[in-house]
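S.K.: Kindly generate the corresponding structure for this input.
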Amino acid sequence: MDIALQMDDELCVFLGERLKRERLINKMSQKDLAELTGLSIDKVRRIEQKGDAKLIDIVTILRGLGRIDYIGELFDFEQEDSALPLVMMKDRLNDRERKRIHKKRSKK
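M.R.: Down below sits the predicted model:
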């Protein structure tokens with residue numbers, strides 16, 4: 001990605017997606033991350049979806065994820081995000097399995 005050609009809002013969205021990837025790798029929900037960091041769930045959602053964050057929010061999330069060392073990688077726009085789709089797909093499959101568990105009906 002040539003960051004010089006990207007709009008500011010596109011770069012912010014890109015950073016939000018990087019944070020989401022880290023949350024998913026840590027198998028955390030947005031609610032879990034919000035509770036861990038003290039940020040509201042709406043704030044976590046806005047950061048991940050729109051990149052709407054103050055720098056302090058990004059640092060807070062990285063500390064919550066145990067990845068403050070990741071701040072250097074977070075701003076490395078040359079790195080590929082090839083693992084993200086696989087992590088997201090696995091999480092969706094796990095969520096579906098949990099939601100589809102029903103009690104068996106007794107026959108009359």
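
S.K.: Please state the mean pLDDT value computed over stretch 10-20.
M.R.: Mean pLDDT, computed over stretch 10-20, is 89.

S.K.: got it, and stretch 54-68?
M.R.: Here the average pLDDT along stretch 54-68 is 90.

S.K.: swap in stretch 30-45?
M.R.: 95.

S.K.: got it, and stretch 72-90?
M.R.: Averaging the model's pLDDT scores along stretch 72-90 yields 58.

S.K.: quick one: buried residues of the helix ranked longest in the chain?
M.R.: The longest helix of the chain (DSSP state H) is helix 8-25. Within helix 8-25, the residues that qualify as buried are 12-24, counting by 16 or more other CB atoms under 10 Å. Backbone N, C-alpha and C define where each C-beta goes, glycine included.

S.K.: Packing partners of that helix?
M.R.: With contacts taken as 3 or more CB pairs under 8 Å, 6 or more residues apart in numbering; DSSP states H and E, helix 8-25 sits against helix 41-50, helix 55-64, helix 71-74, helix 84-99.

S.K.: just the buried residues of helix 8-25 now: which is nearest Leu36?
M.R.: Closest approach to Leu36 among the buried residues of helix 8-25 (CB to CB): Arg23, at 10.0 Å.

S.K.: thought the closest one was touching Leu65?
M.R.: Yes: applying CB atoms under 8 Å, one finds Arg23 in contact with Leu65, separated by 6.5 Å.

S.K.: Can you check which residues contact both of the two?
M.R.: Shared contacts of Arg23 and Leu65, defined by CB atoms under 8 Å, 6 or more residues apart in numbering, comprise Leu33.

S.K.: Thanks again, I'm all set now.
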